[in-house]
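Engineer: Next come a sequence and a model predicted from it.
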Amino acid sequence: MTEITDLLSVGLAVIAAAFALAITWTSFRTLRETRSTTHRYAFGGFLFLTGGILIEELMLRFSSVHLHTVHGLESLLFVIGFGFLYLSIR
């Protein structure tokens, strides 16, 4: 049962990372086409959100850093990312 749970956990992490990277890449392509400030902020927001997802997943799986440190870093990246997204819709 533990193997199935571990496999599902890795599968969901890969799916979440793939979606986050796809959204970030789409935002980057749109920024290159338009060069607008709105898309620049949106790309920055998605970049920080994706970074938060990837940093958390990699640090929890492959390092011995304390859980509070990992979640603190993830929360910081999410706050910055959502701040950029807020600026993009303002």
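Structural biologist: Received the coordinates, thanks. Just so you know, these numbers come straight off a predicted model, no measurement behind them. Numbers count the residues shown, from 1 in each chain.

Engineer: Give the buried residues for stretch 4-18.
Structural biologist: Going by neighbour count (16 or more other CB atoms under 10 Å), the buried part of stretch 4-18 is residue 13. From N, CA and C alone the C-beta is placed, and that goes for glycine too.

Engineer: Average pLDDT for that stretch, rounded please.
Structural biologist: Averaging pLDDT along stretch 4-18 gives 91.

Engineer: ok, residues contacting it?
Structural biologist: 50, 53, 54, 57, 61 (CB atoms under 8 Å, 6 or more residues apart in numbering).

Engineer: Quick one: name whatever helix or strand follows the helix ranked longest in the chain.
Structural biologist: Using DSSP state H, we find that the single longest helix of the chain is helix 2-34. As assigned by DSSP states H and E, the chain's next helix or strand after helix 2-34 is helix 37-62.

Engineer: for the record, mean pLDDT for that next one?
Structural biologist: 94.

Engineer: The very next helix or strand once past it to helix 2-34, inter-axis angle?
Structural biologist: The C-terminal neighbour of helix 37-62 among helices and strands, as given by DSSP H and E, is helix 67-89. Helix 67-89 runs at 30 degrees relative to helix 2-34, counting by axes from the mean of the first three to the mean of the last three CA atoms, to 10 degrees.

Engineer: count of residues packed around the residue nearest to residue 49 when sequence neighbours are not counted?
Structural biologist: Distances taken as CB to CB, 6 or more residues apart in numbering put residue 81 closest to residue 49, at 3.8 Å, once the chain neighbours are dropped. Residues lying near residue 81 (other CB atoms under 10 Å) number 20.

Engineer: just the one 5 residues further on next, same as before
Structural biologist: Taking other CB under 10 Å as the criterion, the count of residues near residue 86 is 11.
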